[in-house]
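Q: Just a sequence and a predicted model for now, questions to come.
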Amino acid sequence: MKLNLGCGHNKRQGWVNVDYSDICDPDIVVDLEQVPWPWPDDSVDEVLMSHVLEHLGGETRTYLNIWRELYRVCKNGARILIFVPHPRHDDFLVDPTHVRAILPEGVALFSQKENRRTIRGGYANTPLGMQMGIDFDMVQAELVPAPWYLKARKSGAMSAAELVSAGERWNNVYKEVRMLVRAVKPAGSGSD
């Protein structure tokens, strides 16, 4: 099973298209902030969350429950694609329904492999994966530059280092964050 969570009007053929609003005519109406979700344990092969996660979990407990449910319904090795607006881009800042900034470093807190690494290093990161008994490995993370910066980078007018430096100093450099994570089951079984 493949879930397109928070599909809005971007439905995908061959996927179960899910949204909390029936206005977009999803296959199933589900409020993702309400748990449990209607899918059985270990039943999902792939999840797409395109511009939805930043709308969910204004309260920390609710946000953590969403990750717990995502882990419960995913099979071992399930792919989870997460696309969100970069929190320092106007696309994120102007929408009053955006309740949480999502960055790869925050998603990595749900990886037990990463939890073990930060504990060994003495870092103050919260080992959410270990605390919650869930485990998601970050496979890939990409910061997508806004169009002007992307054009400057592709043309050679801006180096990769200059792009990184700009992104550390200014807003509107990166437009989107794209991540691919995988469910690791049983939790903690991933190698370091």
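A: Cool, got the structure.
Q: doesn't Ile102 make contact with Gly57?
A: No. When contacts are counted by CB atoms under 8 Å, Gly57 is not listed as touching Ile102 (9.7 Å). Where C-beta positions appear, they are placed from N, C-alpha and C, glycine not excepted.
Q: could you say which helix or strand contains Arg182?
A: Secondary structure assignment for Arg182, by DSSP states H and E: strand 174-183.
Q: That strand: how far from the chain's middle?
A: 6 Å (CA atoms, centre = their mean, to the nearest Å).
Q: Name every strand pairing with that strand and say which way it goes.
A: Sheet pairing of strand 174-183 (DSSP bridges) gives strand 74-85 (antiparallel), strand 136-145 (antiparallel).
Q: Turn those strands into CSV, including mean neighbour count and distance to Ala152.
A: What follows is the strands paired with strand 174-183, written out as CSV (neighbours: other CB atoms under 10 Å; distance: least, CB to CB, whole Å):
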stretch, mean neighbour count, distance to Ala152
strand 74-85, 20, 20
strand 136-145, 17, 8
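Q: Spell out for me which residue occupies the centre of this protein.
A: With distances taken as CA atoms, centre = their mean, the residue of the chain nearest its centroid is Ile82 (3.8 Å).
Q: quick one on the thing from earlier: Gly57 and Ile102: which is more packed in?
A: Ile102 (23 against 19; other CB atoms under 10 Å).
Q: Once you drop chain neighbours, what's closest to the more buried one?
A: Val84 (4.3 Å; CB to CB, 6 or more residues apart in numbering).
Q: Assess the claim that that neighbour and Glu54 are in contact.
A: Yes. Applying CB under 8 Å, one finds Val84 in contact with Glu54, separated by 4.8 Å.
Q: Helices of this structure, start to end?
A: 60-73, 90-93, 104-107, 112-121, 128-132, 147-155, 160-169 (DSSP state H).
Q: Next, give phi and psi for the closest residue in space to Arg72 that isn't next to it in sequence.
A: Using CB to CB, 6+ apart and skipping the chain neighbours, the partner closest in space to Arg72 is Asp41 (5.6 Å). Backbone geometry at Asp41, expressed as degrees, to the nearest 10, gives phi -60, psi 140.
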